[in-house]
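1. requesting a structural model of the entry that follows:
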Amino acid sequence: MIAENETAPARFDGATRELLRRALLHRGATLAQLLGDVLSGKDRALALLSLGVDRPGIRPEEALRKALEEVEMRRRLLVAGDDRFGRCDVCGVPFTTAALIELPWADRCQKHA
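-> The predicted structure follows:
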């Protein structure tokens, strides 16, 4: 167990952390642009589907806002060096670095997806 005034060793080196941070920022910018399009009345159903943000029963703008919140939460965890970043929110299993580079906003393992 780590004492309050100590920090856990970083799971990712600086270059990997920066790569993940940039990918999260890019995802957030993409979602924000899409939200702007939806709010201006554009039909972006295909884009929502392709980004995995299409959620049945939820208005597109609500789904996009939720996705943006999730990306921002992941970014904050990463920047803070919080060990919860890159782990399943349900079982805590760590994701591989390769998997995180592909989907840095992932919050569930395949078993709990």
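2. residues making contact with the helix or strand of the chain with the lowest mean pLDDT?
-> Within the chain, no helix or strand scores below helix 45-50, which has a mean of 91 by mean pLDDT, DSSP states H and E. Helix 45-50 has contacts (C-beta atoms under 8 Å, 6 or more residues apart in numbering) with 34, 37-38, 54, 60, 63-64. (Each C-beta comes from the backbone N, C-alpha and C, glycine too.)
3. got any ranges where the protein has weak pLDDT?
-> Residue ranges of the chain with pLDDT under 70: 1-9.
4. so Arg75 is in which element?
-> Assigned by DSSP states H and E, Arg75 falls within helix 60-80.
5. that helix: what's the following helix or strand?
-> Once the chain leaves helix 60-80, the next helix or strand it forms, by DSSP H and E, is helix 97-102.
6. follow-up on the earlier one: can you go through the contacts of helix 45-50 and name the buried ones?
-> 34, 38, 60, 63-64 (16 or more other C-beta atoms under 10 Å).
7. rewinding a little: with distance to Gly92 added, can I get the contacts of helix 45-50 in a markdown table?
-> Formatted as a markdown table, these follow (distance: C-beta to C-beta, whole Å):
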| residue | distance to Gly92 |
| --- | --- |
| Leu34 | 31 |
| Asp37 | 36 |
| Val38 | 34 |
| Asp54 | 28 |
| Pro60 | 32 |
| Ala63 | 26 |
| Leu64 | 28 |
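8. which of these sit farthest apart?
-> Asp37 and Asp54 (14.3 Å; C-beta to C-beta).
9. and Glu71, how many residues sit next to it?
-> No Glu there; residue 71 is Val. For Val71, the neighbour count with other C-beta atoms under 10 Å is 22.
10. my guess is it contacts Thr30. True?
-> No: counting by C-beta atoms under 8 Å, Val71 stays clear of Thr30, with 9.4 Å between them.
11. before I go, just wanted to say thanks for your time.
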